[in-house]
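In: coords please:
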Amino acid sequence: MHNEPSYRDEDEEEGGTISLDRILYALRHRWRMIVGITILAVVMSAGVVMLLPSRYDASALVQIDPRKKSISNLDGVLSNLQADGAVVDSEEEIIRSRTIVLRVIDVLDLRNDPEFNGPTIFGKILVWIGLSSASPDNTNVARIQTKKPDPITALLGPQKIGQSNPEQDAIAVAFLRRLKVTRVRKTLLINIRFSTQDPVKSARIANTIAEVYLNEQLREKQRATGMATNALEHKLTELRVKLASAESKVEAYKAKNDIFNSEGQILSEKHLARLQEQTVIARNTTAEARAKYLQAKTLRDRGINNNAITDVLESHTVRLLKEQLGKASGKHAELRTKYGQRHPSIKKVRAEVDDVQRQLDKEIGRLVANLENEHEISVEREKELTQSLAVLKSRQVDARKAGVGLKNLEREAATSKQLFEALLARYKQTSETQSLQLPDARIVEQADAPLFAAAPKRKQLVALASIAGLFAALALALALEFATLGIGRPEDVEQVFELSHLTSLPRIEPTAADIDDPLRSARLVITEPTGSFAESVRGVRREIDLSRPIPGMPTVLLVAGSLPGEGVSMTASNLAHHYAITGNRVLLIDGDLRFQGLSRKLAPGRQIGLAEILMQGLRPEVAILRDATTGLNFMPAAGNARLTQPSPELLAGPRMAGALAHLRAQFDTIIIDSPPLLPVFDGRILADLADRILFVTTWRKTPKQLAKRALKTLHVNQSKILGVVVNQVAQDIIDESRGISYKPQSPINFNDRVNIPKHGANLHAKAA
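Out: This next block holds a predicted model:
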């Protein structure tokens with residue numbers, strides 16, 4: 001007995017359906033499509049590549065130079081670039097900036113260049129097929145200049161770029177698409193590459209970009225220094241006014257407080273210092289004069305010899321008089337010794353000595369008086385100076401208080417003056433060196449006209465298009481294979497439904513034999529006994545016989561499907577015919593009381609059927625027709641009578657169960673052709689009465705989710721499901737699964753067919 005299968009949720013993604021065999025089959029089955037798409041991709045890519053114009057890339061190399069290059073020191077105004085990655089990246093963006101792009105466009109007059117102003121290759125294609133006008137949209141872009149500018153003037157002169165917006169300027173957009181600015185590894189080199197259809201033009205534009213970039217650097221430096229000069233000039237004007245005001249306040253304060261400067265010092269302070277110095281000198285002079293006077297007076301009063309007084313007085317006259325006195329005294333002594341006291345010469349000499357002595361005493365007296373006078377004068381001078389010094393010191397307190405305010409004013413004035421002088425020096429330096437600027441970059445290598453086109457890479461593009469076409473074809477083939485609604489490979493039945501795959505029935509292609517024999521598909525096991533279809537039916541019968549609990553035990557087999565048109569009737573009919581020709585007592589019942597498709601095909605002239613038996617309570621045998629040639633017993637769905645009750649009520653009634661119980665005793669195998677499970681309820685009722693259920697689904701047609709839903713409708717009868725038969729399978733799939741190379745017998749050789757009557761003419765009512 002088979003265990004009850006477990007079904008996954010309908011919305012769950014189905015796994016296990018992708019396999020290597022299925023992929024290989026998809027590739028073999030659709031190899032013509034794959035080859036065709038690949039060839040088409042090669043041809044189309046080759047045609048498109050041939051239409052693409054050649055493009056030449058020219059490269060100019062610029063180096064960011066971080067070294068100091070100042071002709072004069074202007075670091076405080078504009079510093080040099082730093083050698084780091086962020087600066088180089090910023091310079092790359094500057095080269096691609098609006099200012100550079102528009103200036104180069106104007107310098108080279110690219111607005112009149114057809115390559116930039118004309119339609120693109122795709123625009124030409126649109127014009128050629130009539131989807132666009134011949135006039136390109138970008139011809140309406142407002143031109144910045146109507147006259148071609150002088151390249152030297154445009155490059156070096158203070159030209160002002162127009163107000164065109166690059167995002168709205170088709171010429172600028174086209175220019176930027178051809179421009180590529182990259183940093184060379186981690187160096188300070190920037191590679192400027194431009195691509196056009198003309199190699200000379202590419203080199204000229206690349207070089208112009210580099211030159212305009214350097215010129216913009218100089219222009220920016222000049223602009224910065226100009227702004228600095230204007231700012232300094234404005235600041236100097238303010239400082240000049242402030243300095244004049246501060247100096248005026250200082251002078252007014254001095255005048256107000258009687259403060260005068262002399263030789264860098266305040267006059268009062270200088271006067272005080274001199275007065276102090278004079279006072280000290282006066283004191284010293286007074287002390288010296290007093291000492292001399294007192295000493296000379298003391299010596300004179302005590303009658304001490306004149307030699308000591310002379311040394312004190314230090315007078316030249318006294319010294320001369322002393323010398324005369326000494327000579328006279330010596331002469332007197334000499335004459336006295338020689339002539340005696342009374343000699344006239346001695347008197348004369350003595351008179352001379354006395355005269356000199358009187359002169360000396362008089363001179364000493366006069367000198368002592370002078371010393372006294374000088375001493376008195378010194379004392380008075382000292383007194384006056386001391387009094388003046390005391391008065392000046394008392395005034396100096398107020399002067400010092402005024403000096404504090406003066407120092408504050410002078411300090412403020414000095415600060416303003418220092419700042420003014422510093423800014424004035426910087427202003428002169430900046431204004432004088434405004435034109436002496438050097439760029440922070442240099443052109444290392446000028447662009448040369450390339451010898452070979454850089455794009456398009458025609459061989460590479462065609463190769464890539466071929467590979468892309470191949471992969472697209474492979475993807476399409478696999479998508480067509482795995483995107484099928486139903487079972488892609490018969491082997492997937494076990495993964496999808498978790499049921500046994502009993503067999504695969506090959507696709508029955510319509511042939512001329514169908515016109516001669518309308519019952520061909522219903523009796524294919526007889527008309528083509530050696531065909532692949534008959535072989536598959538034999539495999540199904542073997543599975544049915546093996547599933548009998550007891551060999552030879554009667555079995556009621558229900559053949560069911562999800563939807564109409566899945567080949568359920570054909571499967572049931574051929575299986576019943578196979579049982580019949582092998583001598584088995586088999587009964588085929590058309591259980592589709594609504595459509596009656598099998599009855600109309602096998603017994604178009606029927607009179608009584610299953611419906612009459614159930615409605616009227618007749619014995620089942622009266623509705624059974626027998627084929628004398630094959631021995632098949634067939635019970636049509638209905639005869640001439642109209643259904644008076646709904647078919648579900650008839651099938652679910654006790655008469656249906658009693659009829660099957662009665663027929664079990666007469667037949668080994670009863671095969672019921674069931675209506676589809678999903679549209680109507682009849683098949684689910686018949687499943688309750690069947691011993692085994694054979695589920696039929698159509699290959700790559702019946703949606704897997706619907707088939708699962710149909711199986712779920714059986715509920716408790718799911719354990720009766722014997723397995724799944726996949727119908728309408730491609731012959732090569734069947735051959736591959738069987739490991740043989742089978743060629744179906746089509747068209748059918750009628751000489752090999754069994755000669756049986758047509759249209760069921762040999763079916764007759766079985767004797768009661």
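In: what does the closest residue in space to G567 that isn't next to it in sequence show for phi and psi?
Out: Using CB to CB, 6 or more residues apart in numbering and skipping residues adjacent in sequence, the residue nearest G567 is N727, 4.0 Å away. C-betas here are computed from N, CA, C, even on glycine. The phi/psi pair for N727 (degrees, to the nearest 10) reads phi -100, psi 160.
In: repeat for L588
Out: The phi/psi pair for L588 (degrees, to the nearest 10) reads phi -100, psi 120.
In: so is E509 in a helix, a strand, or just coil?
Out: coil (DSSP: H, G, I helix; E, B strand; the rest coil).
In: quick one, phi/psi of it?
Out: According to degrees, to the nearest 10, E509 has phi -80, psi 140.
In: what about it, how many residues close to it?
Out: Residues lying near E509 (other CB atoms under 10 Å) number 10.
In: tally of neighbours for the closest residue to A413 other than its chain neighbours?
Out: Nearest residue to A413, sequence neighbours excluded (CB to CB, 6+ apart): A246, at 3.7 Å. By other CB under 10 Å, the residues close to A246 number 18.
In: following the lowest-mean-pLDDT helix or strand in the chain, which helix or strand comes up?
Out: Of all helical and strand segments in the chain, the minimum by mean pLDDT, DSSP states H and E falls on helix 151-156, at a mean of 44. With elements assigned by DSSP states H and E, the helix or strand that comes after helix 151-156 is helix 170-178.
In: quick one: mean pLDDT for that next one?
Out: In this model, helix 170-178 has a mean pLDDT of 87.
In: buried residues, the next helix or strand after it. List them.
Out: Under the assignment DSSP H and E, the closest C-terminal helix or strand after helix 170-178 is strand 179-183. The neighbour-count check on strand 179-183 (16 or more other CB atoms under 10 Å) flags 179, 181, 183 as buried.
In: what's the closest non-adjacent residue to the most centrally placed residue in the chain?
Out: Centroid-nearest residue in the chain: D89, 15.0 Å away (criterion: CA atoms, centre = their mean). Setting aside the residues directly before and after it, D89 is nearest to R183 in space (CB to CB, 6+ apart), at 7.0 Å.
In: repeat for F497
Out: Per CB to CB, 6+ apart, closest to F497 is V724, 6.0 Å.
In: could you pick out the longest helix of the protein?
Out: Taking DSSP state H as the criterion, the chain has its longest helix at helix 344-432.
In: which secondary structure elements does that one sit against?
Out: Secondary-structure packing of helix 344-432 (3 or more CB pairs under 8 Å, 6 or more residues apart in numbering; DSSP states H and E): helix 199-256, strand 265-266, helix 267-301, helix 306-313, helix 316-339.
In: go again with 7 Å.
Out: Applying 3 or more CB pairs under 7 Å, 6 or more residues apart in numbering; DSSP states H and E, one finds that helix 344-432 contacts helix 199-256, helix 267-301, helix 306-313, helix 316-339.
In: rank those by pLDDT, which is bottom?
Out: Per-stretch averages of pLDDT across the helices and strands packed on helix 344-432 put helix 306-313 at the bottom, with a mean of 57.
In: now the helices for the stretch 451-600 of the chain?
Out: Along the stretch 451-600 of the chain, counting by DSSP state H, counting those that start in this stretch, helices occupy 458-482, 493-497, 512-516, 524-527, 532-546, 568-581, 597-602.
In: tell me which of the ones you listed is the most buried.
Out: When the helices of the stretch 451-600 of the chain are scored by mean count of other CB atoms under 10 Å, the highest mean neighbour count falls to helix 568-581 (a mean of 26).
In: other SSEs contacting that helix?
Out: If contacts are counted by 3+ CB pairs under 7 Å, 6+ apart, helix 568-581 sits against helix 524-527, helix 532-546, strand 555-561, strand 586-590, helix 597-602, strand 669-673.
In: of all those, which lies closest to G609?
Out: The closest of the helices and strands packed on helix 568-581 to G609 is helix 597-602. By CB to CB, the value is 6.5 Å.
In: dump the closest one to PDB, restricted to CA.
Out: This file holds the C-alpha atoms of helix 597-602, laid out as PDB (Å, rounded to 0.1, in the frame of the first residue of the first chain):
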ATOM      1  CA  GLY A 597     -16.700  12.600 -24.600                       C
ATOM      2  CA  LEU A 598     -15.600   9.000 -24.500                       C
ATOM      3  CA  SER A 599     -19.200   7.800 -25.000                       C
ATOM      4  CA  ARG A 600     -19.700   9.900 -28.100                       C
ATOM      5  CA  LYS A 601     -16.400   8.600 -29.600                       C
ATOM      6  CA  LEU A 602     -16.700   4.900 -28.800                       C
END
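In: that'll do, ta.
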